[in-house]
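Enquirer: One predicted model, sequence on top.
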Amino acid sequence: MEERILSFDEYRTLTEQSPILIWRANTTTECDYFNQRWLDFTGRSMEQEVGNGWAEGVHSEDFQRCLNTYLEAFQSRDAFEMEYRLLRNDGVYRWIFDRGAPFFNLDGSFAGYIGSCIDITEQVEGRAAVLKAQEKKIEDLSKLIPICSNCKKIRNDSGFWQEVEMYLLEHNDTLCSHGICPECIVKLYPEEAESMKYGVASE
């Protein structure tokens, strides 16, 4: 099959209508192009975004981290990946996965960077939900207290077994009084239990 070369208009259509957000930066690190998908996402004009204008939409908590990642990669001419929150046209911050790579002129000279971005908000929120569930599970497990099924002693934080009364006192400032429940009375002192049943004191 004969290879067909795309026309300029076809390339432009692919770039502008691609389902991803595309940007380009020149050799000064400033951005000089954003595709239509990017502009539609931010709701801003090309004039507002070029240079460093696009950074106005980056969440303040993510800005410095993103800037450091970008400049370090730019200096070393390395590809980079980063996640940050970008303000959408409806005023809602969305998590963006941004991948940038250097590009070169036909003579091999460095020309700048080209990047593409996709919205990963659902993935980020999903990761956060899983992490929260894991933390909750760990928290619940940390509340489990090992109790001997026979003598009922509790294993303390140091790994030693101690009487339940002492453990509660050390951890909860709880004072314990001793007594015996009706079931244990029947089991251990059947004659006493029978006498108590009829209101007769044992001899």
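Expert: That came in fine, so what should we check first? Numbers count the residues shown, from 1 in each chain.
Enquirer: What is the burial count for the residue nearest to Phe97 when sequence neighbours are not counted?
Expert: Excluding the flanking residues, the one nearest Phe97 by Cβ to Cβ, 6 or more residues apart in numbering is Ile120, at 4.6 Å. C-beta here means a position set from N, CA and C on the backbone, and glycine is covered the same way. As a burial measure, the neighbour count of Ile120 was computed by other Cβ atoms under 10 Å and equals 16.
Enquirer: check contacts around Ile120.
Expert: 83, 95-97 (Cβ atoms under 8 Å, 6 or more residues apart in numbering).
Enquirer: Could you measure from it over to Gln64?
Expert: Spatial separation of Ile120 from Gln64 under the definition Cβ to Cβ, to the nearest Å is 20 Å.
Enquirer: so the most centrally placed residue in the chain is in which element?
Expert: The residue at the geometric middle of the chain, judged as the C-alpha nearest the mean C-alpha position with Cα atoms, centre = their mean, is Ala128 (3.6 Å). Here Ala128 is covered by helix 121-142, with elements defined by DSSP states H and E.
Enquirer: Just the C-alpha atoms of stretch 55-62, please, in CSV.
Expert: Included here for stretch 55-62 are C-alpha records, laid out as CSV according to Å, rounded to 0.1, in the frame of the first residue of the first chain:
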residue,chain,number,x,y,z
ALA,A,55,0.4,28.7,34.9
GLU,A,56,-2.4,30.9,36.3
GLY,A,57,-4.7,27.9,36.0
VAL,A,58,-2.4,25.6,38.0
HIS,A,59,-3.5,25.0,41.6
SER,A,60,-1.4,27.0,44.0
GLU,A,61,-0.5,23.8,46.0
ASP,A,62,0.9,22.1,42.8
